[in-house]
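Chemist: quick one, fold the following:
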Amino acid sequence: MTNANKCFKLVFEMSGKHKSAVKLQECDARAGDLDSTRRRLINSAGPVFAEMGYYSSTIREICKRADANVAAVNYHFKDKLGLYTEVLNECARVAHLEQMRVALDQTGSPEDILRGVIRARVQGLREDAFPNWYLRIFAHELTEPTPAMSRLIKTVSRPIYERLLDLISKIIGLPPHHDTTRLCAHSMMGQILFFVFKGPLLSRLSPDMKMTPERLDRIANHIADFSLAYLREMARKPSTAKLARSR
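Modeler: Numbering: from 1, shown residues only. Okay, the predicted model is just below:
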């Protein structure tokens, strides 16, 4: 091969590599644009759904706030319900539900695992952890339930709830679906929900109570100590012990 041909071949190969690199950069840029659009749609949809509720919200209003084309909703989420479902999934992530699953997977005594589950959920209550529209969406769900919320409860919340019942069952010695076991779980959940929905009530009752990491640790320990004290007492009751032996 002559020097001229070698030079031509080298230039051709470099040109091909350059074109490939340019195409890769263009693909990366397009992917980045798509991710950006998807994120803007979710961030804009949350406040709209919180203000108007799922049924009264419109794709047009969401896209207007997100500075996105209406077709982008169909591309990323298929329809309004798909977008709303992703907003609810975002709420679940903010609520540290995944961290609760991780805590449930830990090894240790049922009491230690339960304490870890409570701590994981309470740590999701940081004042900077979730946007101000987060709770208003759930307020709408109380009056106008949606299929998306039912699906979220079935696939995310119920598995955690069932494992929580099993954990409490091991502590008090009653079956997981015994009425007392469920009441114990609901009481513990209620203590946490008080701080989730604290809103204007707690700010007026205890205006100095800021949800700092240190405060959240104290709240988590208090709920765990309070709940475990009752569960231990329940386990010692003669009627509970008799029922547990008959299982």
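Chemist: can you name the residues in contact with stretch 225-241?
Modeler: Stretch 225-241 has contacts (Cβ atoms under 8 Å, 6 or more residues apart in numbering) with 111, 114-115, 118, 168, 171-174, 180, 184, 187-188, 191. Bear in mind the C-beta positions are built from the backbone N, C-alpha and C, glycine included.
Chemist: give me that answer again for 6 Å
Modeler: With Cβ atoms under 6 Å, 6 or more residues apart in numbering as the test, stretch 225-241 has contacts from 111, 171, 172, 173, 188.
Chemist: give the buried residues for stretch 94-112.
Modeler: For stretch 94-112, burial by neighbour count (16 or more other Cβ atoms under 10 Å) applies to 95, 96, 97, 99, 100, 103, 104, 110, 111.
Chemist: domain ranges for the protein, per the record?
Modeler: The chain breaks down by automatic domain parsing into domains covering 8-80, 95-245.
Chemist: go through those domains and name the closest to residue 86.
Modeler: Closest to residue 86 of the domains of the chain is domain 8-80 (Cβ to Cβ; 5.8 Å).
Chemist: spatially central residue for this structure, please.
Modeler: In the chain, the residue lying closest to the centroid (Cα atoms, centre = their mean) is residue 92, at 1.8 Å.
Chemist: which intervals of this structure have sub-threshold pLDDT?
Modeler: Within the chain, the segments meeting pLDDT under 70 span 1-34, 127-130, 199-200, 239-247.
Chemist: ok, back up a step: count of neighbours near the closest residue to the residue nearest to the centre of the chain other than its chain neighbours?
Modeler: Distances taken as Cβ to Cβ, 6 or more residues apart in numbering put residue 156 closest to residue 92, at 5.5 Å, once the chain neighbours are dropped. Neighbourhood size, residue 156 [other Cβ atoms under 10 Å]: 18.
Chemist: can you report phi and psi for residue 156?
Modeler: phi -120, psi -60 (degrees, to the nearest 10).
Chemist: picking that back up, pick the one among the buried residues of stretch 94-112 closest to residue 216.
Modeler: Nearest member of the buried residues of stretch 94-112 to residue 216, counting by Cβ to Cβ, is residue 96, at 10.9 Å.
Chemist: list the contacts for that closest one?
Modeler: Residue 96 touches 120, 121, 124, counting by Cβ under 6 Å, 6+ apart.
Chemist: sorry, back to before: any chance of the domains of the chain in TSV, with distance to residue 87 too?
Modeler: As requested, the domains of the chain are arranged in TSV below (distance: least, Cβ to Cβ, whole Å):
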stretch	distance to residue 87
domain 8-80	5
domain 95-245	7
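Chemist: residues in contact with the one helix or strand residue 84 maps to?
Modeler: Using DSSP states H and E, residue 84 sits in helix 80-94. For helix 80-94, the external contacting residues (Cβ under 6 Å, 6+ apart) are 42, 45, 46, 54, 59, 73, 77, 130, 134, 148, 152, 156.
Chemist: show me what the next helix or strand after it is packed against.
Modeler: Using DSSP H and E, the next helix or strand after helix 80-94 towards the C-terminus is helix 97-104. The elements that helix 97-104 packs onto, with contact taken as 3 or more Cβ pairs under 6 Å, 6 or more residues apart in numbering; DSSP states H and E, are helix 110-122.
Chemist: packing partners for the next helix or strand after the helix it packs on?
Modeler: Scanning forward in sequence from helix 110-122 by DSSP H and E, the next helix or strand is helix 134-143. The contact analysis (3+ Cβ pairs under 6 Å, 6+ apart) places helix 134-143 against helix 3-56.
Chemist: got the buried residues for the helix or strand just after the helix it packs on?
Modeler: Going down the chain from helix 3-56, the next helix or strand is helix 59-66, by DSSP H and E. Going by neighbour count (16+ other Cβ under 10 Å), the buried part of helix 59-66 is 59, 62, 63, 66.
Chemist: with stretch 150-160 instead?
Modeler: In stretch 150-160, residues buried by neighbour count (16+ other Cβ under 10 Å) are 152, 156, 160.
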